[in-house]
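Visitor: Pasted the sequence and its predicted model underneath.
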Amino acid sequence: MNFLDRFVRRRSESSTAAAGEATDAFDPASPFDCGPAEVERWNAEWLDYLRREWRIQLAPHSAYPLAPPLPATAREMHDLYLGHGGRLALYCDPSAIAGRTVMEMGCGCGNLGKLLARYVESYLGTDYSTLALQVARLVSPGDCTYVHVQDRAGLEPFFGTIDTVVSRYFWIHQNAQQAALNLDFLAHFLRPGGLLFADFYWPDPEQEQGIVLTPEQPLSRAYPSATFRYSPADVERLLAGRPFTVQREEVSREMQRRYVVLERSP
């Protein structure tokens, strides 16, 4: 199991019911409204990841020597290997990457940006953690741009310029309210016809699970890596009234994902 798998497959500390009844539930907010408490919460999370996985997190883009041709399908992109660390672990059409303007939501320390930079026209990474963004700037090539989600002035030049929004291990941790706010945020960036590749959680009952909640349950500070199980009906409700349509979806039992490709409406 590589570091990205360990990143999301946390050991369960209590039952799903207990997580749903957590007394530390908090209200979702637009990424534009990210406050100091959220910055510090995610800085603390990334400090924990860095303690355990610093060799990968701090590896510069030059540590990845390969630039293999992009494969034919979105599923094959997941297994792309660039000569260091693990697989790319990204579900995305290769045609939506090559020569495109690409944005990542939840970029963390730039582990994806420093790899995609060799294929895209430009790359924009956003995150809640100021610590992670600073690491990302240090390990990525100069054509990667990293901007905090609250920095509206820094983000506005990118409004309406993005062809493709990608993410890894991101949508699986969003309840319905936060996912809706994230879509509203990302709608500012995507061009009409642009694509958003989302990785919703769809648990395999035969695999060991940690904290798995329904999209209607609240976010919990005690369980920041809890996952939210999305059915097709949940996705449909999420998109209601928003400028996105489902281009296609694909369920992977192995990855425990409902991959949904959204197209930005005019």
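Guide: Yep, that arrived.
Visitor: Show me how far the lengthiest helix in the chain is from its chain's centre.
Guide: As assigned by DSSP state H, the longest helix anywhere in the chain is helix 36-57. Helix 36-57 sits 15 Å away from the centroid of its parent chain (C-alpha atoms, centre = their mean, to the nearest Å).
Visitor: in it, what counts as buried?
Guide: 38-39, 42-43, 45-46, 49-50, 53, 56-57 (16 or more other C-beta atoms under 10 Å). C-beta coordinates here come from the backbone N, C-alpha and C atoms, glycine included.
Visitor: swap in stretch 112-126?
Guide: Quick answer for stretch 112-126 (16+ other C-beta under 10 Å): 112-117, 119-120, 122-126.
Visitor: before we move on, what about stretch 121-141?
Guide: Quick answer for stretch 121-141 (16+ other C-beta under 10 Å): 122-133, 135-137, 139-140.
Visitor: again with stretch 57-67
Guide: Here stretch 57-67 shows 57, 59, 61, 64 as buried, counting by 16+ other C-beta under 10 Å.
Visitor: With only the CA atoms kept, save the longest strand seen in the chain in PDB.
Guide: With secondary structure taken from DSSP state E, the chain has its longest strand at strand 190-201. Below are the C-alpha coordinates for strand 190-201, written out as PDB (Å, rounded to 0.1, in the frame of the first residue of the first chain):
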ATOM      1  CA  LEU A 190     -14.100  26.700 -15.200                       C
ATOM      2  CA  ARG A 191     -14.700  27.800 -18.700                       C
ATOM      3  CA  PRO A 192     -18.100  26.800 -20.300                       C
ATOM      4  CA  GLY A 193     -17.700  23.200 -21.400                       C
ATOM      5  CA  GLY A 194     -14.800  22.700 -18.900                       C
ATOM      6  CA  LEU A 195     -14.700  19.400 -17.000                       C
ATOM      7  CA  LEU A 196     -14.600  18.600 -13.300                       C
ATOM      8  CA  PHE A 197     -13.500  15.200 -12.200                       C
ATOM      9  CA  ALA A 198     -14.900  14.200  -8.800                       C
ATOM     10  CA  ASP A 199     -14.000  11.200  -6.600                       C
ATOM     11  CA  PHE A 200     -17.100  10.500  -4.500                       C
ATOM     12  CA  TYR A 201     -16.900   7.600  -2.000                       C
END
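Visitor: Neighbouring strands of the very next helix or strand once past that strand in the sheet, and parallel or not?
Guide: Toward the C-terminal end, the helix or strand that comes next after strand 190-201 (DSSP states H and E) is strand 212-213. Counting by DSSP bridges, the strands paired with strand 212-213 are strand 227-228 (parallel).
Visitor: Output the contacting helices and strands for the very next helix or strand once past the strand it pairs with.
Guide: Once the chain leaves strand 227-228, the next helix or strand it forms, by DSSP H and E, is helix 232-239. Packing partners of helix 232-239 (3 or more C-beta pairs under 8 Å, 6 or more residues apart in numbering; DSSP states H and E): helix 176-187, strand 244-252, strand 257-264.
Visitor: cutoff 6 Å now
Guide: With contacts defined as 3 or more C-beta pairs under 6 Å, 6 or more residues apart in numbering; DSSP states H and E, helix 232-239 has no helix or strand neighbours.
Visitor: the inter-axis angle of it versus strand 190-201?
Guide: Counting by axes from the mean of the first three to the mean of the last three C-alpha atoms, to 10 degrees, helix 232-239 points 150 degrees away from the direction of strand 190-201.
Visitor: Okay, buried residues for helix 232-239 please.
Guide: Buried-residue list, helix 232-239, by 16+ other C-beta under 10 Å: 234-235, 238-239.
Visitor: show me the contacts for Arg87.
Guide: Neighbour list for Arg87: 79, 81 [criterion: C-beta atoms under 6 Å, 6 or more residues apart in numbering].
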